[in-house]
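> any chance you can model this:
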Amino acid sequence: MKYFISFLLLVTPVYLSAEGVGFNELWKRIEENSSARKSKYLEWKAGEIAKDRSDKHWLPRVYADLRTFQTNDPTLNFMGKLTQRSATDADFSTASTRYRPGNFLDSNNQPYTTLNSDTMNLFAKDTLNYPGSHQYSRGTLGMDLPLYEGGSSKTFAAMNEKRSTGLKFEWLAIRDREFAQAGFYYRAIQSLTDYQKRLEQIKKIERRFQSNYSLGNKGNPVGYAGYLALKSIQNQIAILEKQSQLQINDYKETLYVLSDVPSTDLEIVESDLNSFLDTYFKRPVGYERSNQMNAQIKYAEGEKLKAEMEMAKFLPKVGAYSEAYGYQGSRNISNAYQAGVYLQMNLYNPKDMGVVEESKLNAEAALKKIEEKTKEEEAHVKSLIQKEISLKESLELIKETVKFQEEQVTNMQRLFQSGAINAIQFAETLNKSLELSRVLMETEITLLQVRTEASIFSKKEDTNEATGRN
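Numbers count the residues shown, from 1 in each chain. The predicted model follows:
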């Protein structure tokens, strides 16, 4: 039994609790589950590796080449024997050796009458053109040290650094966006739940009112008109409850996609709206570039560097190199080396004509786009700040009006009992309560949306850029 309980403790998710799931706890789950963040994080780490690799451009390239082969190619066979430093006269023998005049005539131009070394050439083999098949082995160890490359490798390393930094900003931008989305959906669920509670309260008042008074008599036109108005309010409440529940389910499903917490297990920990926003979402004092904009700026700076790299195509490349060789064949084992410097330069390539100017124009276009987007983003942030100020003022007035309206409903009930008003007037009061309750919910959600979006542009700290956000 003890082991069974221990097993249950291990497999039971930590988010299942009677108190509900706190936003910090939910955010930790989102961080662990976010595929978008994981994907961008891996891209960033790959960019870091590319940056580190390109930073080593000044180091020499060291290489080795080992091969064993068999060939009947006359050139490879001759060079193979020569590299063994074991070439002989016989290796230069060709078929033409058989037809030399000296094979038949002596120094006095008289025919030979006896066999000698010259007449033996009549039987010479064509070893130079038909050497047969032989096996050779060759090993090479070399080094190539670039001394000057026109700045191309250095510029390429700088471009990789810009790209890596841009990918990091994109990773942070995804985190900022998901944090804002999670906060909006999480707290909006409570606003909708509070709205449902207000609807339920209005529904109870309407039912209690109808149960206390008989208004369904068609013989009393005024009372019957009030009865119809109250029935209309009943239907209206039912519709609003269904709509709000659909919205809650939609938000919970979205959070499930982000966090992998099932919607059935997601219970919100209630909190005051202002306290929630001040705790998790920093209000921007002024315009601060978003991480997405920072990423775009880094990419634009990389485009500017690309023009410098293209210019390097027209500059000389200077380097030093050395190679050591080892040879083995059927005759001998030997070694050799070579070392020196080289200069390479692209003198003319029609495909490269105008490439520098093209890169400069592309870089300038990218910077102009960034400048325009920065202005748009700054204007958007200012608009969000002004909207938040206006919404907070409106929210306080609406809350106060809702309290007045609740008191008004109580007073209208007393007035109906005294006969000062009719059922239609009371139904109008309830209808007004419905409207105010809806406006309160919509204002809370709009304020929540504006504040969470504005927090993306707030100044970030180095370590924990927001409470609960790492």
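
> could you point out the longest helix of this protein?
Assignment by DSSP state H gives helix 355-418 as the longest helix of the chain.

> so how far is that one from its chain's centroid?
28 Å (C-alpha atoms, centre = their mean, to the nearest Å).

> any idea of the mean pLDDT for the helix or strand following it?
Heading C-terminal from helix 355-418, the first helix or strand you meet, by DSSP states H and E, is helix 423-455. Averaging pLDDT along helix 423-455 yields 93.

> what angle sits between the longest helix of the chain and helix 423-455?
150 degrees (axes from the mean of the first three to the mean of the last three C-alpha atoms, to 10 degrees).

> which neighbouring elements make contact with helix 355-418?
Here helix 355-418 touches helix 152-212, helix 291-311, helix 423-455, going by 3 or more C-beta pairs under 8 Å, 6 or more residues apart in numbering; DSSP states H and E. C-beta here means a position set from N, CA and C on the backbone, and glycine is covered the same way.

> go again with 10 Å.
helix 152-212, helix 273-280, helix 291-311, helix 423-455 (3 or more C-beta pairs under 10 Å, 6 or more residues apart in numbering; DSSP states H and E).

> and the contacts of the shortest one?
It stands for helix 273-280. 23-24, 27, 179-180, 182-183, 186-187, 190-191, 194, 269-272, 283, 388, 392, 395-396, 444-445, 447-448, 450-452, 454-455, 466-469 (C-beta atoms under 10 Å, 6 or more residues apart in numbering).

> quick check: buried residues in it?
Neighbour counts using 16 or more other C-beta atoms under 10 Å place 273, 276-277, 279-280 of helix 273-280 among the buried residues.

> who's in contact with L192?
So L192 contacts 243-248, 251, 268, 441, 444-445 (C-beta under 10 Å, 6+ apart).

> at 6 Å what do you get?
L192 makes contact with 244, 247-248, according to C-beta atoms under 6 Å, 6 or more residues apart in numbering.

> make TSV out of those and add neighbour count.
Output for the contacts of L192, formatted as TSV (neighbours: other C-beta atoms under 10 Å):
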residue	neighbour count
S244	19
Q247	17
I248	21
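
> ok, those vs A363, which is closest?
For those, the closest approach to A363 (C-beta to C-beta) belongs to Q247, at 46.3 Å.

> re the thing from before, which among the contacts of helix 273-280 count as buried?
Buried among these by 16+ other C-beta under 10 Å: 23, 27, 179-180, 182-183, 186-187, 190-191, 194, 269, 271, 388, 392, 395, 444-445, 447-448, 450-452, 454-455, 466, 468-469.

> just checking, which of the contacts of L192 belong to helices?
244, 247-248.

> which one of the residues you listed is nearest P111?
Of all the ones in helices among the contacts of L192, P111 sits closest to Q247, with 119.5 Å by C-beta to C-beta.

> in contact with that closest one, which residues?
L192.

> 140 is where my numbering starts, stick with that
Yep, numbering from 140; the last one is Q386 now.

> now do it against S350, distance only.
Between Q386 and S350 the distance is 31 Å, computed by C-beta to C-beta, to the nearest Å.

> phi and psi next, for I407.
I407 has phi and psi values of phi -80, psi 140 when expressed as degrees, to the nearest 10.

> pretty sure it sits against I328.
Yes: between I407 and I328 there is a contact under C-beta atoms under 6 Å: 5.2 Å.

> what comes up buried for the lengthiest strand in the chain?
Across the chain, the longest stretch assigned as strand under DSSP state E is strand 273-287. Within strand 273-287, the residues scored as buried using 16+ other C-beta under 10 Å are 273, 275, 277, 281, 285.

> same question for stretch 525-541.
So, applying 16+ other C-beta under 10 Å, buried residues of stretch 525-541: 526-527, 530-531, 534, 537, 541.

> nearest to Y366 among those residues?
For the buried residues of stretch 525-541, the nearest to Y366 is V541 (26.3 Å; C-beta to C-beta).

> how much space separates the residue nearest to that closest one when sequence neighbours are not counted from K342?
Of all residues not flanking V541 in the chain, L575 sits nearest, at 5.2 Å (C-beta to C-beta, 6 or more residues apart in numbering). L575 sits at a distance of 15 Å from K342 (criterion: C-beta to C-beta).

> need the buried residues of stretch 525-541 in a markdown table with distance to T513 and pLDDT, can you?
Shown next, in a markdown table, are those (distance: C-beta to C-beta, whole Å; pLDDT from 0 to 100):
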| residue | distance to T513 | pLDDT |
| --- | --- | --- |
| K526 | 20 | 94 |
| E527 | 21 | 93 |
| L530 | 26 | 95 |
| K531 | 27 | 94 |
| L534 | 31 | 95 |
| I537 | 35 | 95 |
| V541 | 41 | 94 |
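
> which members of those are the farthest-apart pair?
K526 and V541 (21.4 Å).

> ok, residues contacting stretch 517-528?
426, 589-590, 593, 596.

> go again with 10 Å.
416, 422-429, 432, 585-586, 588-590, 592-597.

> can you pull the pLDDT of S291?
pLDDT, read off for S291, is 86.

> could you tell me how many residues sit around the closest residue to it other than its chain neighbours?
In space, and not counting its chain neighbours, S291 is closest to A451: 3.5 Å by C-beta to C-beta, 6+ apart. The number of residues packed near A451 is 20, by other C-beta atoms under 10 Å.

> what's the answer for the one 5 residues further on, then?
Number of residues near K456 (other C-beta under 10 Å) recorded here: 18.

> check contacts around it.
Counted by C-beta under 10 Å, 6+ apart, K456 has contacts 285-289, 291-292, 481-485.

> out of everything not next to it in sequence, what's closest to Q564?
Q564 sits nearest to M551 (C-beta to C-beta, 6+ apart), 7.1 Å away.

> which ones are touching the one you found?
Going by C-beta under 10 Å, 6+ apart, M551 touches 348, 559-560, 564-569, 571.

> now K179
Taking C-beta under 10 Å, 6+ apart as the test, what K179 contacts is 173, 306-314.

> quickly note the distance from it to D315.
Applying C-beta to C-beta to K179 and D315 gives a distance of 12 Å.

> E496 now?
38 Å.

> between these two, which one's more packed in?
Just comparing E496 and D315: by other C-beta under 10 Å the higher neighbour count belongs to D315, 22 against 11.

> which is the next helix or strand following the one helix or strand Y202 maps to?
Element membership for Y202, per DSSP H and E: strand 200-210. Note on strand 200-210: by DSSP H and E, the next helix or strand toward the C-terminus is helix 213-222.
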